[in-house]
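Engineer: Based on what follows, work out the 3D shape:
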Amino acid sequence: MSDSDVVLVDTRDSNLFNGWPASGDKVGGHIPRARNFSVRWLNASKESLNALLATKGITADKQIIAYGSDAEQWMDWLVAEKDFSPSSLVILNDGIRGWLKEENTLEVMPGYKDLITPQWLDQKIRSGKRLSIMDVSWGTGIRFVIEHIPGAVHVDTNLLESKPLWNLRSPQGLDKSLLSLGITSDATVVVYGEDMTAAARMVFTLKHAGVEDVKLLNGGLTAWKAADLPIERGSHQPEAAEHFGKTISEGSEILYGTMDVEELLNQPASSQSKQWLVSVRSWPEYIGKTSGYNYIQPKGRIPGAQWGRSGSDPWHMEDYLNPDGTLREAADLVSYWEDFGASTEDTLVFYCGTGWRASLAWFAAELIGVKNAGLYDGGWFEWSSDPKRSVLLGDPANQVSNLNKHLQNNGI
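Structural biologist: Below you'll find the model as predicted:
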């Protein structure tokens, strides 16, 4: 039996898989080549579970070896719900501990310490560690008043973005907004929300502005509540800071404008350094069946952009998030990029409609260890706002530019 005929599955929580140690353990992570499929996800929809199985290559014709305290329950589900043969399923009883006893090492997501757990945050709050905790959403924060993590401050994304294109505010505008939230460049900032994409938008903004220690709560408020941790009600104003500590620049290594994208697309690929523009939009958006938004009229994609997947529509990111709202494992995400020939050694610049979904993809790439990851802030909204810019429609297997389509329709 070859390696391709065997799938090793870690049925534990995704945070443990990523690198956080389980209670009582000194190290965390997973056995090399293992795929993560937590038993906690089994109450998700049939479609979601089927998509997870497919992405991870878990099929009935392979031998499946699983480990974790719930591995037997997970395998019972494969037999009962997915018609897997019990003879093809094996439980690795000693799991992680057995692996380590033989002086083997575990793999971790390189940046897992910036994708924090509810337990880590709760411990830091209880210890009195100075943190700036940001609860991010669009609007006035009605939900925030009802429930939020103790000590958190609400961030309306309007503080970060501005009309008409919803790009990041100017350096002066960001400086003013961040100071009003009490954030300085040397602060430790923890970001979360009900929506991981809104939280990721804040993470990107902070990193662009020069805040070095920024962490995202994996799974957001949902994960915090699932851990049965304290909830605070009401609202309070943050204590404003006087000086940010750095001068925020117009551009940064991670922020790409339209001219930067045009330059990237016009550069010839080399064997040493490949550069990719990655569309983090739903398939209907990518092929031009819909713009995805009622305030964006043009449909299509940027010529040269590769499809990096996203989810079923502009408001869901099933391809990047597990059923419980935590970030998918690195191997899932890398497989999307490998589909069009990219690797973690390349430059990957992500875009979506206006920046939220692409911010999550960008942060995931940073955590995974992509050599150069960036975000095209203007995204499809800015690109399509100029009718002179080229647009592609349809399935990439049969790409037809607007001009070519016009010529074909006229028999040219």
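
Engineer: which element is Leu206 on?
Structural biologist: Element membership for Leu206 (DSSP states H and E) is helix 196-209.

Engineer: what lines up beside the following helix or strand past that helix in the sheet?
Structural biologist: Next helix or strand after helix 196-209 toward the C-terminus (DSSP H and E): strand 213-217. Paired neighbours of strand 213-217 in the sheet (DSSP bridges): strand 115-116 (parallel), strand 188-192 (parallel).

Engineer: in stretch 30-46, what counts as buried?
Structural biologist: Using 16 or more other C-beta atoms under 10 Å as the test for burial, stretch 30-46 gives 30-31, 34-42, 44. C-beta coordinates here come from the backbone N, C-alpha and C atoms, glycine included.

Engineer: which two of these lie the greatest distance from each other?
Structural biologist: The widest separation within the buried residues of stretch 30-46, taken as C-beta to C-beta, falls between Ile31 and Ala44 and amounts to 24.2 Å.

Engineer: domains of the chain?
Structural biologist: 3-108, 113-226, 255-406 (automatic domain parsing).

Engineer: Figure out the length between the terminal residues of the shortest one.
Structural biologist: Separation of the first and last residues of domain 3-108 by C-alpha to C-alpha, to the nearest Å is 21 Å.

Engineer: now swap in the second one and tell me
Structural biologist: Across its full length, domain 113-226 reaches 20 Å between end residues, using C-alpha to C-alpha.

Engineer: Give me the distance between it and the centre of its chain.
Structural biologist: Chain-centre distance of domain 113-226: 15 Å, with C-alpha atoms, centre = their mean, to the nearest Å.

Engineer: What average pLDDT does that domain get?
Structural biologist: Regarding domain 113-226, the rounded mean pLDDT is 97.

Engineer: Among the buried residues of stretch 30-46, which one lies nearest to Asn158?
Structural biologist: Taking those together and measuring to Asn158 by C-beta to C-beta, the closest member is Ala44, at 32.6 Å.

Engineer: re the thing from before, the helix holding Leu206 - contacts with which helices or strands?
Structural biologist: With contacts defined as 3 or more C-beta pairs under 8 Å, 6 or more residues apart in numbering; DSSP states H and E, the packing partners of helix 196-209 are strand 132-137, helix 171-180, strand 188-192, strand 213-217, helix 356-368.

Engineer: quick one: the last one to helix 196-209, angle?
Structural biologist: This points to helix 356-368. Orientation note: helix 356-368 sits at an angle of 70 degrees relative to helix 196-209 (axes from the mean of the first three to the mean of the last three C-alpha atoms, to 10 degrees).

Engineer: Equivalent analysis for the fourth one, please.
Structural biologist: Orientation check (the same axes, to 10 degrees): strand 213-217 against helix 196-209 gives 180 degrees.

Engineer: cool, the third one as well?
Structural biologist: Between the axes of strand 188-192 and helix 196-209, defined by the same axes, to 10 degrees, the angle is 160 degrees.

Engineer: who touches strand 188-192?
Structural biologist: The contact list for strand 188-192 (C-beta atoms under 8 Å, 6 or more residues apart in numbering) reads 116, 121, 129-136, 149, 152, 183, 199-200, 202-203, 206, 211, 213-217, 220-221, 224.

Engineer: Now list the buried members of these.
Structural biologist: 116, 121, 131-136, 149, 152, 183, 199-200, 202-203, 206, 211, 214-217, 220-221, 224.

Engineer: Kindly reformat the helices and strands packed on helix 196-209 as TSV and extend each row with distance to Ala331.
Structural biologist: As requested, the helices and strands packed on helix 196-209 are exported to TSV (distance: least, C-beta to C-beta, whole Å):
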stretch	distance to Ala331
strand 132-137	28
helix 171-180	35
strand 188-192	25
strand 213-217	20
helix 356-368	9
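
Engineer: and the ones you listed, which is most packed in?
Structural biologist: helix 356-368 (a mean of 26; mean count of other C-beta atoms under 10 Å).

Engineer: okay, the next helix or strand after that one in CSV with CA atoms only?
Structural biologist: Next in sequence after helix 356-368, counting helices and strands by DSSP H and E, comes strand 372-376. Provided in CSV are the C-alpha atoms of strand 372-376 (Å, rounded to 0.1, in the frame of the first residue of the first chain):
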residue,chain,number,x,y,z
ASN,A,372,5.4,37.1,0.6
ALA,A,373,1.7,37.7,1.2
GLY,A,374,-0.1,40.9,0.4
LEU,A,375,-3.6,42.4,-0.1
TYR,A,376,-5.0,44.4,-3.0
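
Engineer: low pLDDT regions in this protein?
Structural biologist: When residues are selected by pLDDT under 70, those of the chain lie in 1-2, 269-273, 399-412.
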